[in-house]
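Asker: Just need the structure, nothing else, for what follows:
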Amino acid sequence: MFGIPGQAPLTMTPAAVRQITKLMARDGRHGLKIGVKKGGCAGMEYTMDYVDAADPHDEVVEQDGARVMIAPMAQMFLFGTEIDYETSLLESGFKFRNPNVVDACGCGESIKFKDVDELQAERESQG
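Answerer: This is a model prediction of the structure:
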């Protein structure tokens, strides 16, 4: 795990916990797997997929019945992130409040992270 011992790599708001547990129960899934991939106008995009089991290298975060797995390559980019679920008149969806993001596109779908060396230095200074 890439982070501080004893500290969860990410947190979920009560709204996110409700939505994730609802999805897990509805579809009989083990949880949601979160990752990042290259793409979008800012360079990176979040990914979310249902999973039936955790990969041995995934970081598993459980909070009040909600289970999220973080893909190994995404762990350093997602450390410190809060996941929320927001509903508005026009849209509903998961929102990521990520302290590692330095830029995002106008639609909020694409993000740019701090340099990998900068992220590693921050994690080492915290733990």
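Asker: so which strand or helix has the residue in the chain sticking out farthest from the centre?
Answerer: What lies farthest from the middle of the chain is Leu89; by CA atoms, centre = their mean that is 24.3 Å. For Leu89, there is no enclosing helix or strand under DSSP states H and E.
Asker: How about Leu32?
Answerer: Using DSSP H and E, Leu32 falls in strand 31-38.
Asker: That strand - which strands sit beside it in the sheet, and in what orientation?
Answerer: Strand 31-38 has the following strand partners under DSSP bridges: strand 44-51 (antiparallel), strand 66-70 (parallel).
Asker: what bridges to Tyr50?
Answerer: Leu32.
Asker: how much space between it and Met76?
Answerer: 24 Å (CB to CB, to the nearest Å). For every residue, glycine as well, the C-beta is placed using N, CA and C.
Asker: Same check on Thr11?
Answerer: Taken as CB to CB, the span from Thr11 to Met76 is 17 Å.
Asker: Look at these two and report which has more neighbours.
Answerer: Met76 (21 against 17; other CB atoms under 10 Å).
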